[in-house]
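Chemist: Fold the following.
(2 chains)
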Number of protein chains: 2
Amino acid sequence: MHRILMRTVVLDFEPGVHDAARDFWKTALLADTRRGDRYPEYHVLEHPATLGPVMVQNLSEGASRVHLDVETDDPPAEIARLVGAGATIAQQHEEWTVLRDPAGLLFCVVPAASKDFAELAHIVET
Amino acid sequence: MHRILMRTVVLDFEPGVHDAARDFWKTALLADTRRGDRYPEYHVLEHPATLGPVMVQNLSEGASRVHLDVETDDPPAEIARLVGAGATIAQQHEEWTVLRDPAGLLFCVVPAASKDFAELAHIVET
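Modeler: Now for the predicted structure:
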């Protein structure tokens, strides 16, 4: 068995509108922004008025959109389960996998890293 | 002053893919589904593996997408604040308002209804 948690909402913006949209959501959600060190195309919204984390991504390709990140302690098992349920794999990154749902919407499977993952995640019965 | 909380993620699907996508996310997030009484185009995902509520909408128009709902105890004040920050009003429904962010992404401002709103929401200093 493994565990999953859909934790993070990512706001993805085309380069031409990224800065304005990032600054809008910073204001809208009463947040501060912190640019990623390792992944500078991402900004984390700090202390946003939300239930969970929100990040903003400056896209290198594709149209502006919202996507969800599903965390798991067993990415291969979770990706296999989601593909079995109707998802398709779109892109394999070094640290995460991009999938499409049956409607074509992109989402990601990412390795669980937070200390509270085991407490908050749900168990996938296999 | 008023309060806000971005609480709910809504997965919006075109009619042709809605049922398959709804059932996929039900499986993906280990949830049950409950169809709305007053708004039967919505399904609530019950007990999902997430930090906050997730709903699925069968769209009457537009392309499949993800949108966010911002709850507030003062919709007119919050809408005015967001328009001042760069949003535009797209549609006025009886119970909520649809806006576009500077990138054109849709999101909603909805009246706060949950008992835990005051506890979880953030204060907008005006």
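
Chemist: How about the strand or helix carrying A:E78 and chain B, touching?
Modeler: Here A:E78, judged by DSSP states H and E, is contained in helix A:75-84. Yes. Using C-beta under 8 Å from any C-beta of the partner chain, helix A:75-84 reaches chain B at A:L82. C-beta coordinates here come from the backbone N, C-alpha and C atoms, glycine included.

Chemist: and that helix, which residues are buried?
Modeler: By neighbour count on 16 or more other C-beta atoms under 10 Å in any protein chain shown, the buried set for helix A:75-84 is A:75, A:78-79, A:81-82.

Chemist: Same check on stretch A:16-28?
Modeler: A:17-18, A:21-26, A:28.

Chemist: before we move on, what about stretch A:115-122?
Modeler: A:117, A:120-122.

Chemist: ok, now stretch A:38-51?
Modeler: A:42-45, A:48-51.

Chemist: what's the answer for stretch A:92-101, then?
Modeler: A:96-97, A:99, A:101.

Chemist: Just the closest of these to chain B, please.
Modeler: Checking the buried residues of stretch A:92-101 against chain B with C-beta to the nearest C-beta, the nearest one is A:D101 at 5.5 Å.

Chemist: Report the separation between that closest one and A:P76.
Modeler: 19 Å (C-beta to C-beta, to the nearest Å).

Chemist: likewise A:W25?
Modeler: Taken as C-beta to C-beta, the span from A:W25 to A:P76 is 33 Å.

Chemist: what's the next secondary structure element after the longest strand anywhere in chain A?
Modeler: When chain A is parsed with DSSP state E, its longest strand is strand A:2-13. With elements assigned by DSSP H and E, the helix or strand that comes after strand A:2-13 is helix A:15-28.

Chemist: Beta-bridge partners for A:T8, please?
Modeler: Per DSSP bridges, the residues bridged to A:T8 are A:D69.

Chemist: Equivalent analysis for the one 4 residues further on, please.
Modeler: Residues found in beta-bridge contact with A:D12 (criterion: DSSP bridges) are A:Q57, A:R65.

Chemist: Tell me who's in contact with it.
Modeler: For A:D12, the contacting residues are A:56-57, A:59, A:62, A:64-67, by C-beta atoms under 8 Å, 6 or more residues apart in numbering or on different chains.

Chemist: biggest separation within these, which pair?
Modeler: A:V56 and A:G62 (14.7 Å; C-beta to C-beta).

Chemist: Of these two, which one has the most company?
Modeler: Neighbours around A:V56 and A:G62, counted as other C-beta atoms under 10 Å in any protein chain shown, are more numerous at A:V56. The numbers are 25 against 9.

Chemist: isn't that one right up against A:A20?
Modeler: No. A:V56 is not in contact with A:A20 according to C-beta atoms under 8 Å; the separation is 11.2 Å.

Chemist: Top of the contacts of A:D12 by number of neighbours, please.
Modeler: A:V56 (25 neighbours).
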